[in-house]
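K.L.:
Coordinates for the following, if possible.
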Amino acid sequence: MRERYDEIQGLGGEVVAIGTENQGYAAAFVEEEHVPFPVLVDDEGDAARAAGVQKVNFFKLILNPRSWAGTRRARDAGHKIHKPGGRVTQLGATFVVGPGAQVRYEHLDTHSADHAPIDAVIGALRG
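P.N.:
A predicted model of the protein is given here:
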């Protein structure tokens, strides 16, 4: 989303990331990765639970071939693999919300390399 952040903002959207570790970890990540959008912290996992974001069994996480393939793709694209956050088994999710409380798009990751297609996020913003 960082690569298309200007486009997202141009469509009236804003990206807000929610991390799984503490504020110090999030601040270091933002600085190292030059993250241009706000990053909040969900220390206890309350936001993840409220949104229905899944966790995965640790062994399933490390043995899932889709996760390994995703790790290779990320590394090959030049992305760093960082020290894991506090809830390493917490999967991610992407939501497009608004105006108001209307959820226009949601993608709940099913494994660690599963992420919302950016074109679907942009499409939801376009309506």
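
K.L.:
Can you name the residues that contact the residue nearest the centre of the chain?
P.N.:
Nearest residue to the geometric centre of the chain (Cα atoms, centre = their mean): residue 92, 5.0 Å. Neighbouring residues of residue 92 by Cβ atoms under 8 Å, 6 or more residues apart in numbering: 53, 109, 115. Yep, even glycine has a C-beta here, placed from its N, CA and C like the rest.

K.L.:
Then residue 113?
P.N.:
With contacts defined as Cβ under 8 Å, 6+ apart, residue 113 is in contact with 66, 67, 69, 70, 71, 73, 74.

K.L.:
returning to what we had before: please dump the contacts of residue 92 into JSON lines; it should also carry neighbour count for every row.
P.N.:
Below are the contacts of residue 92 laid out as JSON lines (neighbours: other Cβ atoms under 10 Å):
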{"residue": "53", "neighbour count": "19"}
{"residue": "109", "neighbour count": "17"}
{"residue": "115", "neighbour count": "16"}
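
K.L.:
Between those residues, which sits nearest residue 79?
P.N.:
When the contacts of residue 92 are compared for distance to residue 79 (Cβ to Cβ), residue 115 comes out closest, at 11.8 Å.

K.L.:
Now do the SS call for that closest one.
P.N.:
Counting by DSSP: H, G, I helix; E, B strand; the rest coil, the backbone at residue 115 sits in coil.

K.L.:
Numbering from 687 from now on, please.
P.N.:
Sure thing, new numbering starts at 687, so read that last one as residue 801.

K.L.:
that older thread, which entry within the contacts of residue 778 corresponds to the minimum pLDDT?
P.N.:
Lowest pLDDT among the contacts of residue 778: residue 801, with 90.

K.L.:
any idea how far residue 788 is from it?
P.N.:
22 Å (Cβ to Cβ, to the nearest Å).

K.L.:
Nice, that's everything, thank you.
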